[in-house]
Structure formats: C-alpha cells, structure tokens
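[1] Would you be able to build a 3D model of this:
(2 chains)
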Amino acid sequence: DTAVSQTPKYLVTQMGNDKSIKCEQNLGHDTMYWYKQDSKKFLKIMFSYNNKELIINETVPNRFSPKSPDKAHLNLHINSLELGDSAVYFCASSRRQGRGYGYTFGSGTRLTVV
Amino acid sequence: KQEVTQIPAALSVPEGENLVLNCSFTDSAIYNLQWFRQDPGKGLTSLLLIQSSQREQTSGRLNASLDKSSGRSTLYIAASQPGDSATYLCAAIDNNNDMRFGAGTRLTVKP
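    Residues are numbered from 1 along each chain as shown, chains lettered A, B, ... in the order given. Next up is the predicted model:
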C-alpha cells in the first residue's frame, strides 16, 4: 500500500553505463517529479511531469531523460553515467500542478557510480 | 542561502498530550512551507502545506502555522496517539520548487 514507491533502493554501477530508476504512485495524482538530493537537506528539482507536459530544469544534463508510460509512473533513465551522478534521487507526486498542492515522496534511490 | 532548523531534535510524550514542533527558516522569501511525516524505511508523507500568503492550515488533529516575517512555522498535534510516532520534517520551498529540509523532529508517543 506504499503511496510512492521507487526501485531500486540502491544502485551501484560503473561509469559509462546506462541505468533506469522506476517510480510508481498509487495516489491518483496528476503530477510527478524527480528530485536530486544535493546535500543532506536540499532537494533540487530535476523534472516535473503533468499528464503529457514535461517541464525540465535546464541545469539537468541531457543524459537524464524521464519517461512516463502513464500517469502513475515516471521513470528516470540515465545515459553514460558519470561519477558526479552519485546521489540520492527522490520521486514525488502531487494531486495537481500548482503551488497549493503538497508533495508525497518515495523513500529514495541511492545511486553510486564507481 | 536558506537554512532550516527544527527544534527539538527529539521529543517523547505520553499519549493524549498536545504538542508543538518548531521550524525556523532564515530566508523569508519562500514560496510554500510543507510539513512531512516519515516512518522508518518509508518515504515522506505530506501532512500540511502552507502557501506563502497563508497563515495556517488544519487537517484533523494537526494545525500548522506560518509567520514569514519571523521565519517560523509550528506544527501543533492535538491529543497525541502512539500512531503519531514518526519523524516530522519541515521544508521550505522556493519559486523553483527546490526544497530545503530541516533535520527533523523524532517524536515518540508512549501508550
């Protein structure tokens, strides 16, 4: 009955590989997000996806690409992984897009690139 | 640079008590402030979101207030229950939807 679930929880991979992180929400929310945790307390938004509208943070390298097969899923694919991509990635959802709606987060995926 | 501080770091109360969790932030130019609950090994569940133009939000036994001018938010929990035991986090959200979290308050409600 997890609201927002991410898989895998941990991912260790070599530089240059391509990997995907999956996210699913069962809350019936319209909007999903990917965040990167830059430090213990700071989450920087990477993407938001509302139905078929994708909003991209321009600072995100184009090696990162979100894919949303349907409203309940937003996956993150990363090409040609680099050491600097090591971080915790969080998926989140909100009922609608807009400032009045709170976020529900998954428990995170810790990516380690070696 | 926004800094978010939560006090106390841990709190233990008997069942039935009313309690207040505190959150302070250094930059008052926030877009929203959100309170979350986190259970061990689980994600963050949204409790209350206060927009910058609002002063408080209520949901059931929870009431959150926001005073932007003083850089403070409080989460009030009435008639606490053992099921309320969790870590409570506040997050300041800026215009870019970036979020800066406090370190959290670990709450234990004893039956």
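[2] Quick one: the strands in chain A, in order.
    A:4-7, A:10-13, A:19-25, A:31-39, A:42-50, A:53-56, A:64-70, A:73-78, A:87-94, A:104-105, A:109-113 (DSSP state E).
[3] which strands and helices sit next to the third one?
    When contacts are defined as 3 or more Cβ pairs under 8 Å, 6 or more residues apart in numbering or on different chains; DSSP states H and E, strand A:19-25 packs onto strand A:4-7, strand A:10-13, strand A:31-39, strand A:73-78, strand A:87-94, strand A:109-113. For every residue, glycine as well, the C-beta is placed using N, CA and C.
[4] looking at the strands of chain A, which is buried most?
    Greatest average neighbour count among the strands of chain A goes to strand A:87-94 (a mean of 24), per mean count of other Cβ atoms under 10 Å in any protein chain shown.
[5] could you say what helices and strands that strand packs with?
    By 3+ Cβ pairs under 8 Å, 6+ apart, strand A:87-94 packs against strand A:4-7, strand A:19-25, strand A:31-39, strand A:73-78, strand A:104-105, strand A:109-113.
[6] would you list those strands in a markdown table and tack on mean pLDDT?
    Output for the helices and strands packed on strand A:87-94, formatted as a markdown table (pLDDT from 0 to 100):
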| stretch | mean pLDDT |
| --- | --- |
| strand A:4-7 | 94 |
| strand A:19-25 | 97 |
| strand A:31-39 | 88 |
| strand A:73-78 | 96 |
| strand A:104-105 | 90 |
| strand A:109-113 | 95 |
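[7] Looking at the ones you listed, spot the one closest to residue B:34.
    Comparing the helices and strands packed on strand A:87-94 against residue B:34 with Cβ to Cβ, the closest turns out to be strand A:104-105 (10.3 Å).
[8] partner strands of the closest one, parallel or antiparallel?
    Applying DSSP bridges to the sheet, strand A:104-105 is found paired with strand A:87-94 (antiparallel).
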